[in-house]
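[1] please work out how this folds:
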Amino acid sequence: MRPLLAPGGYGVFVRSTRLAAGDVVLADHPEFGAIVKMVTEVSGRLVRLAGLDPRSTPSERLGRIDASRIKGRLVWRIPPPRR
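    Sure thing, here's the model as predicted:
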């Protein structure tokens, strides 16, 4: 998820029952599979996601997904190794 996670870098995600707009999450999207996106809206059990990169899949196409599909919230970033 550029620019937040650079290619070759890692993210550490933890399970969380509390989600808020601005959280970066790992989700199991019904159409796109495992994706890392930012939460833009939480409405009951439904979560709207968006990418930070302008080339990302538009949030309108991602739609809302059930909160049970959120597998973790980003708590730590590990940059790619310097070469």
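[2] nearest spatial neighbour of Gly9, skipping sequence neighbours?
    What sits nearest to Gly9 in space, not counting adjacent residues and going by CB to CB, 6 or more residues apart in numbering, is Pro80, at 4.5 Å. In this view, the C-beta of every residue, glycine as well, is placed from N, C-alpha and C.
[3] so that neighbour touches Gly11, yeah?
    No. If you go by CB atoms under 8 Å, Pro80 and Gly11 don't touch, sitting 11.7 Å apart.
[4] burial measure for the closest residue to Asp66 other than its chain neighbours, as a count.
    Leaving aside its chain neighbours, Asp66 sits nearest to Arg45 (5.6 Å; criterion: CB to CB, 6+ apart). Close neighbours of Arg45, defined as other CB atoms under 10 Å, add up to 10.
[5] so who does Arg45 touch?
    Counting by CB atoms under 8 Å, 6 or more residues apart in numbering, Arg45 makes contact with 66-68.
[6] run through this structure and note the low-pLDDT ranges.
    Within the chain, the ranges that satisfy pLDDT under 70 run 1-2.
[7] one more time with 50
    Counting by pLDDT under 50, the chain shows no low-confidence range.
[8] would you indicate which residues of the strand of greatest length in it are buried?
    The strand that spans the most residues within the chain, counting by DSSP state E, is strand 33-43. Within strand 33-43, the residues that count as buried by 16 or more other CB atoms under 10 Å are 35-39, 42.
[9] now these as a markdown table including distance to Gly51?
    What follows is those, written out as a markdown table (distance: CB to CB, whole Å):
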| residue | distance to Gly51 |
| --- | --- |
| Ile35 | 8 |
| Val36 | 8 |
| Lys37 | 6 |
| Met38 | 7 |
| Val39 | 12 |
| Val42 | 17 |
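[10] fine by me, thanks again.
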